[in-house]
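**Q** Build me a structure from this.
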Amino acid sequence: MRTLMTLVISAFLMPILQGGDLPLPNAAKLLSMVAKSSNDGPRVSCKDTGMAGELQKLGIEINASARIIWTESAAEARLFSAQGKCVVGPNPALLPAGASLVIFEDGGRPKLMANPRNLQKSGVMLSDQILKAAMAGQ
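**A** Have a look, this model is predicted:
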């Protein structure tokens with residue numbers, strides 16, 4: 001199982017594009033891996049209809065009470081972080097606003113970055129592979 005997870009993460013860390021935003025389907029795949037590896041189960045709170053649709057295709061339940069929340073807004077990141085949620089977003093600028101994890105593209109490659117303090121405050125536990133990938137991105 002550990003080897004399979006490492007292989008899947010490595011596949012996403014290969015070059016996908018030569019710049020720009022991480023495509024929504026790829027961001028959704030990484031977010032689904034994060035949700036599935038968490039102690040909250042395969043569910044995410046998400047108001048973005050595009051991301052919600054991609055996550056549902058991957059078997060992730062969209063649930064407003066989920067502890068993992070996808071947002072692109074710094075204001076929402078602050079609000080949800082204050083509520084003890086694990087905020088995940090697409091922009092590193094969200095980390096100081098309260099995000100626990102960001103998924104974005106850097107140099108044509110998907111990248112994960114984490115704010116360990118915010119992640120710990122949320123109480124959401126992630127797999128070691130996700131944490132290693134996120135900490136290596138810093």
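
**Q** Would you pull up how far the helix or strand where Ala27 lies lies from the middle of the chain?
**A** Assessed by DSSP states H and E, Ala27 sits inside helix 24-37. Counting by Cα atoms, centre = their mean, to the nearest Å, helix 24-37 is centred 6 Å from the centre of its parent chain.

**Q** same check, this time on stretch 43-52
**A** Distance of stretch 43-52 from the chain centroid (Cα atoms, centre = their mean) equals 12 Å.

**Q** Check which residues of that stretch are buried.
**A** For stretch 43-52, the neighbour count (16 or more other Cβ atoms under 10 Å) marks Arg43, Val44, Ser45, Cys46, Asp48, Met51, Ala52 as buried. Yep, even glycine has a C-beta here, placed from its N, CA and C like the rest.

**Q** any idea of the mean pLDDT for stretch 65-82?
**A** The average of the pLDDT scores along stretch 65-82 is 97.

**Q** List the contacts of it.
**A** Here stretch 65-82 makes contact (Cβ atoms under 8 Å, 6 or more residues apart in numbering) with 31, 34-35, 38, 40, 43-48, 51, 55, 84-91, 93-94, 97-100, 118, 121-124.

**Q** ok, and what's touching the helix holding Ala27?
**A** If you take Cβ under 8 Å, 6+ apart as the criterion, helix 24-37 is touched by 5, 8-9, 12, 16, 41-44, 50-51, 54-55, 57-60, 66, 68, 70, 88, 90, 101, 103, 110, 112, 126-127, 129-130.
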